[in-house]
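[1] sharing a sequence plus its predicted fold:
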Amino acid sequence: MTLRSSALAASGTDGVNGVALAVFVFFFVAVTVMGFLAARWRKAEQSANLDEWGLGGRSFGTWVTWFLLGGDLYTAYTFVAVPAAIYAAGASGFFAVPYTILVYPLIFTFLPRLWSVSHKHGYVTTSDFVRGRFGSKGLSLAVALTGILATMPYIALQLVGIQAVLDVMGVGGGENTNWFVKDLPLLIAFAVLAAYTYSSGLRAPALIAFVKDGLIYLVIAVAIVYIPIKLGGFDAIFDEAGKAFAAPGPTGKPRGELASGPNSQWAYATLALGSALALFMYPHSITATLSSRSRNVIRRNTTILPLYSLMLGFLALLGFMAIKAGTETHGNAQLAIPQLFEDMFPSWFSGVAFAAIGIGALVPAAIMSIAAANLFTRNVYKDFLRPGATPEQEHKVAKLVSLLVKVGALVFVLTMDKTVAINFQLLGGIWILQTMPALVGGLFTRWFHRWALLAGWAVGMVYGTLAAYGVASPTQAHFGGSSAEIPGIGQIGYIGLTAFVLNVVVTVVLTVVLRALKAPEGTDETRPGDYTADVGDEGVTPDLPPATADVPAGR
């Protein structure tokens, strides 16, 4: 392609796109400066505590929360993997669009209640709430460990997104390059991310999210108009994609479907529903939620967050465009969209697009590491290792753990195949869904018995893990996907949803049995009024003065 050739010519003989790299570095340096400056943004007099570092002082208004949640949920993995799934298999990749539509009515029913009770009692994590609601440190520990376990591969995938962009730009050299030189750019990006997260806590990704989402909206708006014009229109794009999916793949069967057929409807529907149920069980989603300053901020956000779903629908179409453009991925579909941008855009705008993906990895990776650190600090360190820990000690431990979490994710990325990272993230979705009965159920009723919830969680975790272990793919003997036959139905469906159903059944049956046996239920430290409390009610964090209540520029 002429644009690709000119880009390579501009980049020199070593294959590095110098113009795109310069633009990428500019934005990376800009957000790095913002990340460190964020430490001074609305800094409280007493900042050495988990509320300030891990929740931004619970002070964010509607727009900050909207960008923070958007930056949290719509990640570099989303930017890269959703269109990559469509590039590789077709319509099945669109499951992400309906599930993000389904999720917002669901969270409207329970997130305001979680915000109220958390602010009333000073809960920082979902495990704090579970412990307070059911009087069970064991159940709280199970929820915390599940959250940490499910978050680790998610952080790793953000680093995979950065690495995909660096590979397309030609940074780090070829496959025969010394491993240290090859991975040095990723190591630098990791070190910078770790440094400003350690320094600024949740304020850093909250501030950077404005840049990240602005760039992503800009890139998608341009791509959805510019690329189809270059490729001859959507008719030509869909026609070429239909032919490509009808062609036999490595197994001799068609590569995919342009539109979902009857044989894939169960898998598609259960994956969309299960993903919708799981999304706000992730610790990073809850961390961003609890950072908001009032109950109404949460309610307003559930009504405007669907704007991101519109963006996601346009983003998914890029997978079809990559097919029409003849994008070469060398067997790694994750490179499809970065390579499409490299092929189709002028070098300077490719740099903008790569910066959007790169920053789209930094924001959620920061939030995820903070969320995992909050869980460990509150629900492992304080509950089991040092019950008398002071706020200053909690603050110090959380900062250190956030570094260790990122190191673990980095090791995962550098030592394992990228496909393995993706499949472990899918496994994380199966795991995190098993915390829903304790969290969401507990927000509405105290009927479930704590031991029954723990047993249901264990059954769901074991079944989901074993079922996923038995799924093979062309490249893996185990953990090759997240769909398997649904027992008793015979259709292929999402393993996480099947495990969740078993979880609920076990929980309900054992609750009936344990209540009949009058087993100890634990102490509930919450009261009915706690679930509807708002700012200004006794015991709830007061609102901030108008001058500091929202975005620094203008509000």
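    Arrived safely. Residues are numbered from 1 along each chain as shown.

[2] and Ala89, how many neighbours?
    18 (other CB atoms under 10 Å). Where you see a C-beta, it was placed from the backbone N, CA and C, and this is true even at glycine.

[3] next one: Gly242
    16.

[4] can you read off the pLDDT for it?
    Looking at Gly242, its pLDDT reads 91.

[5] swap in the one 3 residues further on?
    Taken from the predicted model, the pLDDT recorded for Phe245 is 89.

[6] name the nearest residue to it, ignoring sequence neighbours.
    The shortest distance from Phe245 to any non-neighbouring residue, by CB to CB, 6 or more residues apart in numbering, is to Gly256 (4.2 Å).

[7] how about Leu279?
    Spatial nearest neighbour of Leu279, excluding adjacent residues (CB to CB, 6+ apart): Val103 at 5.1 Å.

[8] may I see the buried residues of the helix or strand hosting the one you found?
    Here Val103 sits within helix 96-121, counting by DSSP states H and E. Within helix 96-121, the residues scored as buried using 16 or more other CB atoms under 10 Å are 96-104, 106-107, 110-121.

[9] picking up where we left off before, ok, the residue nearest to Phe245 - contacts?
    Gly256 makes contact with Ala88, Ala89, Gly90, Ala91, Ser92, Phe245, Gly249, according to CB atoms under 8 Å, 6 or more residues apart in numbering.

[10] any chance of those residues in CSV, with secondary structure and distance to Leu453 too?
    Formatted as CSV, the contacts of Gly256 follow (DSSP: H, G, I helix; E, B strand; the rest coil; distance: CB to CB, whole Å):
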residue, secondary structure, distance to Leu453
Ala88, helix, 38
Ala89, helix, 37
Gly90, strand, 39
Ala91, helix, 37
Ser92, helix, 33
Phe245, helix, 44
Gly249, coil, 43
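
[11] so how do I select the buried members of these in PyMOL?
    Burial among the contacts of Gly256 is assessed by 16+ other CB under 10 Å; the matching PyMOL selection reads:
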select buried, resi 88+89+90+91+92+245
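
[12] which two among the contacts of Gly256 are spaced furthest apart?
    Ala91 and Gly249 (15.0 Å; CB to CB).

[13] how near is Asp343 to Val513?
    Applying CB to CB, to the nearest Å, the value for Asp343 to Val513 is 62 Å.

[14] out of those two, which sits in the more crowded spot?
    Shown here are Asp343 and Val513; by other CB under 10 Å, Asp343 has more neighbours (22 against 13).

[15] which element is that one on?
    Here Asp343 is assigned to helix 336-344, by DSSP H and E.

[16] just checking, what packs against that helix?
    The contact analysis (3 or more CB pairs under 8 Å, 6 or more residues apart in numbering; DSSP states H and E) places helix 336-344 against helix 2-11, helix 76-89, helix 137-169, helix 203-231, helix 306-324, helix 347-376.

[17] just how off-centre is the second one within its chain?
    Averaging C-alpha positions (CA atoms, centre = their mean, to the nearest Å) puts helix 76-89 14 Å from its chain's average.

[18] quick one: mean pLDDT for it?
    84.

[19] do the third one as well
    Across helix 137-169, pLDDT averages out at 89.

[20] over to the fifth one?
    Confidence over helix 306-324, taken as the mean pLDDT, stands at 90.

[21] also stretch 346-353?
    Stretch 346-353 comes out at a mean pLDDT of 94.

[22] out of everything not next to it in sequence, what's closest to Leu207?
    The shortest distance from Leu207 to any non-neighbouring residue, by CB to CB, 6+ apart, is to Ala38 (4.4 Å).

[23] neighbours of the one you found, how many?
    Other residues within reach of Ala38 by the criterion other CB under 10 Å amount to 23.

[24] and it, what's its pLDDT?
    pLDDT for Ala38: 89.

[25] same question, Ala48
    For Ala48, pLDDT reads 79.

[26] contacts only, for it.
    Ala48 touches Pro391, Glu392, His395, Lys396, counting by CB under 8 Å, 6+ apart.

[27] likewise for Ile208?
    So Ile208 contacts Val31, Met34, Gly35, Ala38, Gly71, Ile359, Leu362, Val363, Ala366 (CB under 8 Å, 6+ apart).

[28] before we move on, which element is Leu510 in?
    With secondary structure defined by DSSP H and E, Leu510 is part of helix 495-516.

[29] run the chain-centre distance for that helix.
    27 Å.

[30] with stretch 28-35 instead?
    Chain-centre distance of stretch 28-35: 21 Å, with CA atoms, centre = their mean.

[31] with stretch 295-302 instead?
    So, by CA atoms, centre = their mean, the centroid of stretch 295-302 is 20 Å from its chain's centroid.

[32] what pLDDT, on average, does that stretch get?
    Rounded mean pLDDT across stretch 295-302 is 91.

[33] tell me which residues of it are tucked away?
    Of the residues in stretch 295-302, Arg295, Val297, Ile298, Arg300, Asn301, Thr302 count as buried by neighbour count, 16+ other CB under 10 Å.

[34] find the nearest non-adjacent residue to the fourth one, please.
    Spelled out, it's Arg300. Thr62 (5.2 Å).

[35] Ala91 now?
    Closest to Ala91 by CB to CB, 6+ apart is Ser260, at 4.5 Å.

[36] ok, now Gly274?
    Leu497 (3.7 Å).

[37] same question for Ala206.
    Leu68 is the one closest to Ala206 (CB to CB, 6+ apart), at 4.8 Å.

[38] list the helices and strands the helix or strand containing that neighbour packs on?
    Per DSSP H and E, Leu68 falls inside helix 62-73. On a contact count with 3+ CB pairs under 8 Å, 6+ apart, helix 62-73 meets helix 203-231, helix 283-290, helix 295-304, helix 347-376.

[39] repeat that for 10 Å
    Applying 3 or more CB pairs under 10 Å, 6 or more residues apart in numbering; DSSP states H and E, one finds that helix 62-73 contacts helix 203-231, helix 283-290, helix 295-304, helix 306-324, helix 347-376.
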